[in-house]
Structures are given as C-alpha cells and as structure tokens.
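**Q** Make a model of this:
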Amino acid sequence: MSPQVTIYTDGSALGNPGPGGYGIVLLAPPNHRKELSAGFRLTTNNRMELMAVCVGLEALKVPCNVTVYSDSKYVVDAIEKGWLRQWVAKGFKDKKNPDLWQRYLHASARHNVRFVWVKGHANNVENERCDRLAVAAANGQGLSEDKGYISGE
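**A** Prediction:
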C-alpha cells in the first residue's frame, strides 16, 4: 500500500516577472513534516507555482498517494480539468512553461496525484506558511537562474 502524502505549495514573483520563489510543505503520517523553498532571479508567478508542485513530487522517495493543495488556478485547473492532456497532444504549441509541464508529467508519473484548490490568503495555515517561504525565497540572496524562463512569456 502506497503511503499517503499531503503537499501544500505556493509560488511568488515580485514584479511578475521579477525575482521569484516557491514554498512547499510536505506532510506524511504520523508526524513527518518537511519544508522546501528556493528563489530565482527572474521568473513568473505561474512558473513558481508549477515548480513548487514539481519539486514537491520529486522529493518523494517512493510512489505515494498524494494530495496537492495549491492556490494556483493555473496549475490546478490545467490538471484537474484535463487541459494538460490537450496541451501534450498538441505538443504544447503556443503554451507557456512547457519545460515545467514536462517536468511535472515526469515527477507525477509514479504517484497517484490529486489536486485541491485552496483560496490564497484565507487563513489556511499551511498555505500561508508556503506563501511566507516563497516570498522569503524571492527576497533572498544569491538567487538561482530559472533556466526555463524565457523573457516575454
């Protein structure tokens, strides 16, 4: 039986595009908790939202049943409403962030993943924690380059 894992994610971009970051809280019974975050010099909010999901899934060492909580309609709707399947079928023609969507497909392949949209800044404790991690990462020093970001996207 696969372990049950809950992942909360959030992304931030200061200026959009601008410096950005993501924050992740991973929770697994009975009391495992891990927080992850990183910042980038130039990126977008949507890239950080999606990158958070990718990194969260990549952090799992074994196949899991995963519930991802995100305040990103871009990410949640793309997956839950089947848009991503259409984008794949069309080779991501005219779609933004194909590098991260392909990374998501690879990261999610060995897991059973479902998404739940949560309203941002609505006192959801873990979502608020992810927001603080993402903003702190975006404001950090020595930010990395988001190699997949293409100016003008």
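**Q** This structure: helices as residue ranges?
**A** Along the chain, counting by DSSP state H, helices occupy 45-58, 73-80, 83-89, 98-108, 125-138.
**Q** Of all the ones you listed, which one is nearest residue 31?
**A** Closest of the helices of the chain to residue 31 is helix 125-138, at 14.4 Å (criterion: CB to CB). The way it works is simple: take the backbone N, C-alpha and C, and place the C-beta from them, glycine included.
**Q** same question for the closest one, mean pLDDT?
**A** Averaged over helix 125-138, pLDDT sits at 97.
**Q** Quick one: work out the angle between it and helix 45-58.
**A** Helix 125-138 and helix 45-58 are oriented at 110 degrees to each other (axes from the mean of the first three to the mean of the last three CA atoms, to 10 degrees).
**Q** Could I have the CA atoms of helix 125-138 written out in CSV?
**A** Taking C-alpha atoms only, helix 125-138 is exported to CSV below (Å, rounded to 0.1, in the frame of the first residue of the first chain):
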residue,chain,number,x,y,z
VAL,A,125,-2.2,27.6,8.0
GLU,A,126,-0.1,25.5,5.6
ASN,A,127,-0.9,27.6,2.5
GLU,A,128,0.1,30.7,4.5
ARG,A,129,3.4,29.0,5.5
CYS,A,130,4.1,28.2,1.9
ASP,A,131,3.5,31.8,0.9
ARG,A,132,5.9,33.0,3.6
LEU,A,133,8.5,30.5,2.4
ALA,A,134,8.0,31.6,-1.3
VAL,A,135,8.2,35.3,-0.6
ALA,A,136,11.3,34.9,1.7
ALA,A,137,13.0,32.8,-1.1
ALA,A,138,12.2,35.5,-3.7
